[in-house]
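Colleague: using only what follows, build the 3D model:
(2 chains)
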2 protein chains.
Amino acid sequence: MPGNSTTISFARGAPSLDIIDVEGLREAAVRAFANDPAGATAYGTSVGYVKLRAWIAERHGVEAERVLVTNGSMQADAFLFEQLLSAGDEVVVERPTYDRTLLSLRELRARVHAVELQPDGIDTDALAELLRGGGVRPRLAHIIPNFQNPAGYTLSRAKRRALLELAGEHEFVVFEDDPYVELRFGGERLETMVSMAPERVVYASSFSKTVCPGIRVCYLVGPPELIAQIARRATNTYISPNMVAQALVYEFCTSGALERSIETVKTALTKRLRTLEVALRRDLPQAQFVAPEGGYFMWVTLPQGTDVAALFGAAAERGVAFVKGTDFMLEGGENTLRLAYSGVTPEEVEEGVARLAEAYGSLAHT
Amino acid sequence: MPGNSTTISFARGAPSLDIIDVEGLREAAVRAFANDPAGATAYGTSVGYVKLRAWIAERHGVEAERVLVTNGSMQADAFLFEQLLSAGDEVVVERPTYDRTLLSLRELRARVHAVELQPDGIDTDALAELLRGGGVRPRLAHIIPNFQNPAGYTLSRAKRRALLELAGEHEFVVFEDDPYVELRFGGERLETMVSMAPERVVYASSFSKTVCPGIRVCYLVGPPELIAQIARRATNTYISPNMVAQALVYEFCTSGALERSIETVKTALTKRLRTLEVALRRDLPQAQFVAPEGGYFMWVTLPQGTDVAALFGAAAERGVAFVKGTDFMLEGGENTLRLAYSGVTPEEVEEGVARLAEAYGSLAHT
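Modeller: Alright, predicted model coming up:
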């Protein structure tokens, strides 16, 4: 069956245009050039646009010296990894985890240990065993605490404490990678690990999910000495990040547009997620999942033995896309997949799940 | 004498705010969000904002596949160097050359050969001797052809041809680093080397000098295969460059603001340069220089034996800053300095040169 209708994509972790505040962006740009033409247009420095850096620092209740604003999250990750890791260094990641993080770590020739992710976060008992019994001495643990990519799971308060205890005992850095934190649909917001152990944690977040991805503004919060080292690295890489974009984000944040945008996104994504849950339970009851409390992603486990690689092809033929679970792991996960509901309307969710169920039905089940 | 007046800086190669078209930037931002909200706000791809890429390609008369748009020049340099160079590879640079390029090459542990820069460009006879007699086998030659940083010199047509012949014969890549090309005050614009030998040259230019530095938009033009390799590297580094900034630059370029901005900058810089020439001849006749035909920089040679490091301190005490020539070389140049006239008004040029002359007079001359 050829894909004669437009493909519905559950693949990309990106928002649809209807939940971007384009009007607010335009107004923020106008204000940025009016309020601070010199700051917005000049080179600036590698720590980022000074007013935005101060705003972020205040929001986190830390000194500005702990903050560095970069061109997007991947660039921030790259700076941190290059600063802290040498070839052969051991790193702990969640299993599954963000595929680009795995790729970056492999390119740096780090020795990656994947620790199982449970619905309440990384298996800290398994991590403790790996550290104590397994002789693993990680330099860094990469953790996505809220609405994890790809699993949608959130690290519990108890496990945040357990993880920090292990980090203290075994002297590794926790990299708290937190781009989805603002997109909580319900329940209680949990304290960040960087606020619980500021000398042991480097925190990253981004405006990609709350302003827009094309603005490419992310930041790190960490110990001042490390931030200063990364600032020197950033100077040598690009002199300074984008001042026009960062001045625009600053105006967006301080005008109230940020809070409005977050509400818009949360309202829309809640509806998409609820639609997805209902559609999966109705059309594809074989799918097991834990509904996320926020963010972009739902992790789906199909019955043992399901060949998701084959499902991927059958789905593509029917005009529906997702990412295979195997992309997020070093090994295993052949019966899992990630569904991103950030870029699809509720109507598309309905139709996409129907197509997915049809693709599933077309597979030869053993 | 303490510096009780505001420092006049001939140090930074950056424009003053009065020659930035802030109004044009604001209008371009408004149009970018109105005309292409999806393209400006989404992740996009690592080759850059598609419309800007196409516009640049057309301006250079090449296919879009030869163009990649990045976050500023340094980032483009870094991608190119990382793609082409391994530790121990030989590289030719001009002497003097841009200090950040020297730093990047040294960090990559390239073996750097500096070839003397003459008022009509790199000494191609000395380069030929180095290649033929000296046994040097460079992978790359880094050349700033127009209004070179720091010397202000321009590579002649004859030497462009000679350089490309050497590159063909000895199989090295010419990196034509050309951020100042649009800022020609007079005389004839010379053909780019990339248009003369598209398979042998990688060209870089930037909107920092024609739009504003804070926008951080630069581009590479090169062989399609190399550009595709760098695009993959860019994806792994930052997913995509700043789409908001690149959409803004696209609107700035296509509205006619770019050409107006270039005229504004050239008119202002011509006046600053003429003022600098007259002031130096009057107040500091010991200074030898060749007036540049464009760009931001003038290279000054003081009498043999002058200690420019001491002059730097004496000048700072009198509230005037410049960059020592030694910063742009691996060795030598103790009696040279770079004066940037891009960020100073004619009045500041007058006052700055008076202070510099006073500082020079304060040195003990041997």
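Colleague: might one say that residue A:31 is in contact with residue A:250?
Modeller: No - the criterion here is CB atoms under 8 Å, and residue A:31 misses it with residue A:250 at 9.2 Å. To be clear about C-beta, it is placed using only N, CA and C from the backbone, and glycine gets the same treatment.
Colleague: more neighbours: those two, which one.
Modeller: A count of neighbours by other CB atoms under 10 Å in any protein chain shown puts residue A:250 above the other of residue A:31 and residue A:250, at 28 against 19.
Colleague: run through chain A and note the low-pLDDT ranges.
Modeller: Counting by pLDDT under 70, chain A contains low-confidence ranges at A:1-5, A:365-366.
Colleague: which parts of the stretch 151-300 of chain A are strands?
Modeller: Secondary structure of the stretch 151-300 of chain A (DSSP state E, counting those that start in this stretch): strands at A:173-177, A:201-206, A:218-221, A:297-301.
Colleague: any chance of a markdown table for these, columns mean neighbour count and distance to chain B?
Modeller: Listed next are those as a markdown table, based on neighbours: other CB atoms under 10 Å in any protein chain shown; distance: least, CB to the nearest CB, whole Å:
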| stretch | mean neighbour count | distance to chain B |
| --- | --- | --- |
| strand A:173-177 | 26 | 15 |
| strand A:201-206 | 24 | 11 |
| strand A:218-221 | 25 | 10 |
| strand A:297-301 | 22 | 16 |
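Colleague: could these be laid out in a markdown table, adding distance to residue B:7?
Modeller: Formatted as a markdown table, the strands of the stretch 151-300 of chain A follow (distance: least, CB to CB, whole Å):
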| stretch | distance to residue B:7 |
| --- | --- |
| strand A:173-177 | 40 |
| strand A:201-206 | 36 |
| strand A:218-221 | 31 |
| strand A:297-301 | 52 |
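Colleague: residues of the stretch 101-250 of chain A that sit close to chain B?
Modeller: When proximity is defined as CB under 8 Å from any CB of the partner chain, the stretch 101-250 of chain A approaches chain B at A:103-104, A:107, A:208, A:212-216, A:236-245, A:247-248.
Colleague: residue A:113 belongs to a strand?
Modeller: Yes - if the criterion is DSSP: H, G, I helix; E, B strand; the rest coil, then residue A:113 is within a strand.
Colleague: show me what contacts it?
Modeller: Residues near residue A:113 by CB atoms under 8 Å, 6 or more residues apart in numbering or on different chains: A:90-93, A:130, A:136, A:138.
Colleague: which among the residues you listed gets closest to residue B:10?
Modeller: residue A:91 (46.8 Å; CB to CB).
Colleague: just give me the neighbour total for the nearest residue to that closest one once chain neighbours are set aside.
Modeller: Among residues not flanking residue A:91 along the chain, residue A:110 sits closest, at 4.5 Å (CB to CB, 6 or more residues apart in numbering or on different chains). Look at residue A:110: counted by other CB under 10 Å, it has 24 neighbours.
Colleague: need the contact list for residue A:110.
Modeller: Counted by CB under 8 Å, 6+ apart, residue A:110 has contacts A:81, A:85, A:87-91.
Colleague: now swap in residue A:348 and tell me
Modeller: Contact analysis of residue A:348 by CB under 8 Å, 6+ apart lists residue A:8.
Colleague: give me the distance from the one helix or strand it maps to to the chain's centre.
Modeller: Element membership for residue A:348 (DSSP states H and E) is helix A:346-362. Its chain's C-alpha centre and that of helix A:346-362 lie 25 Å apart, by CA atoms, centre = their mean, to the nearest Å.
Colleague: what angle sits between that helix and strand A:297-301?
Modeller: If you take axes from the mean of the first three to the mean of the last three CA atoms, to 10 degrees, helix A:346-362 sits at 20 degrees to strand A:297-301.
Colleague: coming back round to it: buried subset of the residues of the stretch 101-250 of chain A next to chain B?
Modeller: If you count burial by 16 or more other CB atoms under 10 Å in any protein chain shown, the buried members of these come out as A:104, A:208, A:212-216, A:237-245, A:247-248.
Colleague: which of those residues fall within helices?
Modeller: Counting by DSSP state H, the part of those found in helices is A:104, A:237-238, A:243-245, A:247-248.
Colleague: show me which of the residues you listed is closest to residue B:55.
Modeller: The closest of these, once distances to residue B:55 are taken by CB to CB, is residue A:244, at 18.5 Å.
Colleague: mind checking how far that closest one is from residue A:287?
Modeller: Noted for residue A:244: a distance of 44 Å to residue A:287, by CB to CB, to the nearest Å.
Colleague: neighbours of the closest residue to chain B within the stretch 251-366 of chain A, how many?
Modeller: Closest contact between the stretch 251-366 of chain A and chain B, by CB to the nearest CB, is at residue A:343 (9.6 Å). Look at residue A:343: counted by other CB under 10 Å, it has 20 neighbours.
Colleague: so it sits right up against residue A:7, yeah?
Modeller: No - using CB under 8 Å as the test, residue A:343 is too far from residue A:7 to be in contact (11.5 Å).
Colleague: identify the contacts common to the two.
Modeller: With CB under 8 Å, 6+ apart, residue A:343 and residue A:7 have no common neighbours.
Colleague: tell me who's in contact with residue A:311.
Modeller: A:302, A:337, A:356, A:359-360, A:363.
Colleague: biggest separation within those, which pair?
Modeller: A:337 and A:363, at 13.0 Å, using CB to CB across the contacts of residue A:311.
Colleague: higher neighbour count, these two?
Modeller: Between residue A:337 and residue A:363, residue A:337 has the larger neighbour count (other CB under 10 Å), namely 27 against 15.
Colleague: that one pairs with what?
Modeller: Counting by DSSP bridges, residue A:337 is bridged to residue A:300, residue A:324.
Colleague: distance of it relative to residue A:136?
Modeller: Residue A:337 is 29 Å from residue A:136, by CB to CB.
Colleague: for the residue most central in space within chain A, which non-adjacent residue is closest in space?
Modeller: By CA atoms, centre = their mean, chain A has its centre lying nearest to residue A:179, at 4.7 Å. Nearest residue to residue A:179, sequence neighbours excluded (CB to CB, 6+ apart): residue A:206, at 4.3 Å.
Colleague: ok, what's across the strand from the one you found?
Modeller: Beta-bridge partners of residue A:206, as defined by DSSP bridges: residue A:218.
Colleague: that one against residue A:212, yeah?
Modeller: No - taking contacts as CB under 8 Å, residue A:206 lies outside contact range of residue A:212: 10.7 Å.
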